[in-house]
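**Q** What follows is a predicted protein model with its sequence.
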2 protein chains.
Amino acid sequence: MSDIAIRPRKEFGKTIAADITHRLREEIIACGLAPGEPLRFDVLRERFGASFTTLREALTALAAEGLVDAQEQRGFRVAPVSRQDLVEVTDARVLIEVELIRRSIERGDDDWEIAVISTLHRLKRIEQRDPEHPLRDPEWKIAHRQFHQALVSACGSATLLAIRADLFDRAERYRHLSANFRPRPRDKAGEHQAIMQAAISRNADLAVQLIEAHIRSTSDNVAKYAGHLLDAE
Amino acid sequence: MSDIAIRPRKEFGKTIAADITHRLREEIIACGLAPGEPLRFDVLRERFGASFTTLREALTALAAEGLVDAQEQRGFRVAPVSRQDLVEVTDARVLIEVELIRRSIERGDDDWEIAVISTLHRLKRIEQRDPEHPLRDPEWKIAHRQFHQALVSACGSATLLAIRADLFDRAERYRHLSANFRPRPRDKAGEHQAIMQAAISRNADLAVQLIEAHIRSTSDNVAKYAGHLLDAE
DNA sequence: AAAAGCCATATTTTCGAAAATCATACCGTT
DNA sequence: AACGGTATGATTTTCGAAAATATGGCTTTT
């Protein structure tokens, strides 16, 4: 009976390094670690309970994803934010997401349609619980991510999906950055619904147009409500 | 006088991990480490003279670039090659490179033009030395990379340039893979010249068309002459 | 003979100490 | 006071031993 409720030191089957990478990623995206903040090993060691080298491995991986900034011989810090970076991430997302939506609409089968519909359904359910502050709900975040993931999942390119995933994470961090200052969410539910319908009805041009507007308006909102955080560096 | 000719254990100002990452990357691209080959720490330790954890950090970084395949609890191996992966890399390169060429042509200033012209000039000079086997010449590889880099350097997006660089490396590995079986290089010099002229004369449509043909014909050549290496896995 | 369990060995993964490097404060000189 | 150099403490980076995990062969059982 002694082993009840002992939290496992890592997820099953994973290395500690992979687990730390995951936890650090989530924390950076959620801005629990502020942009530009130095990531000192003493602090991380205490917070995550891992050794120097394991942490170093995790930070190296996150640096490749663009969430951490590695400064040779001077340690790591959370990747800074800036208007320029926000614009770059947004443009890159549009370029790639538009292409992947087209390919998915062209290639998607029944399973794809089901995935799109069901992930949207779950997202709506969760939104009904707390319509005011969806971003604060971890489940909403997951469901939102999964819906967008489902939309492009039939594109057929693991390579582009991996790139897309990294950009999505970087964009999500910006959303979190502005979440505390944004008066109230716009009608995302309606936008998601429209995107889903365009995709399922195989109207690629419309779906692409809606997705681009969706991405850009999210980005514009960040620039509008978190602008003061993007300039001061 | 005792310190003459002692090779420094690392490049100036860099960490050992960054140095090892660089050397491993070059070796994988050049197929000195074969696709799919297991990367055991004993062997790497001897070959690169670094410790477990330093090597691990390098391998983690290369895994994020798609040159190394990390298998949880079962070590690392050189990323395998396949027809599917070649197609994905090629398509992704076309998508991104086309966009970056357009942006560079639109935004490039005098310095950009000079960089394009001078990197092409150097490339041609090197090609004259050994017109038969350019890929075996390390200087040609560098010059070739720099010419293509110069073409897109004015695009204004560090984010997309970083993605492009990773894809370029992955594609270059496939070129090396087929280099030993390819009878003789096609007229790359002429293609590069035409691309340069289209770019400098700000003919975006033509430049894009030429770049896409350039990338795809290179990929087709790999599939043609290294096909036997892409299926057997 | 095939499958399942078990042990021994090979290999990866993690750790904290030690070395290397950087940042800062101090001191002497101009 | 300003500057340059140097010592000191803080922090990162590297290392090889030790722990954890996987692999392959051997034995036993069905």
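**A** Happy to help now that I have it.
**Q** Show me how chain A divides into domains.
**A** Under the assignment named as automatic domain parsing, the residue ranges that make up the domains of chain A are A:16-78, A:83-231.
**Q** So for DNA strand D, which of those sits nearest?
**A** Closest to DNA strand D of those is domain A:16-78 (CB to the nearest atom of the strand; 3.2 Å). Quick note: C-beta positions are derived from backbone N, CA and C, even for glycine.
**Q** re the thing from before, which one, of the domains of chain A, ends up nearest to residue B:64?
**A** The closest approach between residue B:64 and any of the domains of chain A, judged by CB to CB, belongs to domain A:16-78 at 3.3 Å.
**Q** Quick one: name the residues of chain A near chain B.
**A** By CB under 8 Å from any CB of the partner chain, the residues of chain A that approach chain B are A:13-15, A:17-18, A:53, A:56-57, A:60-61, A:63-66, A:72-73, A:85, A:88-89, A:91-92, A:95-96, A:99, A:157-160, A:162-163, A:167.
**Q** Just the buried residues of the residues you listed.
**A** With burial judged by 16 or more other CB atoms under 10 Å in any protein chain shown, the buried subset of the residues of chain A next to chain B is A:17-18, A:53, A:56-57, A:60-61, A:63-66, A:85, A:88-89, A:91-92, A:95-96, A:99, A:157, A:159-160, A:163, A:167.
**Q** Now narrow those to whatever sits close to DNA strand D.
**A** With respect to DNA strand D, and counting by CB under 7 Å from any atom of the strand, the subset of those in contact is A:53, A:56.
**Q** Could you pick out which of the buried ones among the residues of chain A next to chain B are located in helices?
**A** Per DSSP state H, helices hold the following members of those: A:17-18, A:53, A:56-57, A:60-61, A:63-65, A:85, A:88-89, A:91-92, A:95-96, A:99, A:159-160, A:163, A:167.
**Q** For chain A, which residues are neighbours of DNA strand C?
**A** Counting by CB under 7 Å from any atom of the strand, the residues of chain A near DNA strand C are A:10, A:15-17, A:49-54, A:57, A:73-74.
**Q** and of those, the nearest to chain B?
**A** Proximity of the residues of chain A next to DNA strand C to chain B, judged by CB to the nearest CB, is greatest for residue A:53, which lies at 4.0 Å.
**Q** Which of the helices or strands spans the residue positioned nearest the centre of chain A?
**A** Note on chain A: the residue nearest the mean C-alpha position is residue A:169, at 2.9 Å, using CA atoms, centre = their mean. The secondary structure element spanning residue A:169 is helix A:158-179 (assigned by DSSP states H and E).
**Q** just to revisit the earlier point, can I get the domains of chain A in CSV with mean pLDDT?
**A** Shown next, in CSV, are these (pLDDT from 0 to 100):
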stretch, mean pLDDT
domain A:16-78, 97
domain A:83-231, 93
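**Q** Ok, which of those domains comes nearest residue B:32?
**A** Between residue B:32 and those, the shortest gap by CB to CB is with domain A:16-78, which sits at 22.4 Å.
**Q** Residue A:22 and residue A:44, how far apart?
**A** 14 Å (CB to CB, to the nearest Å).
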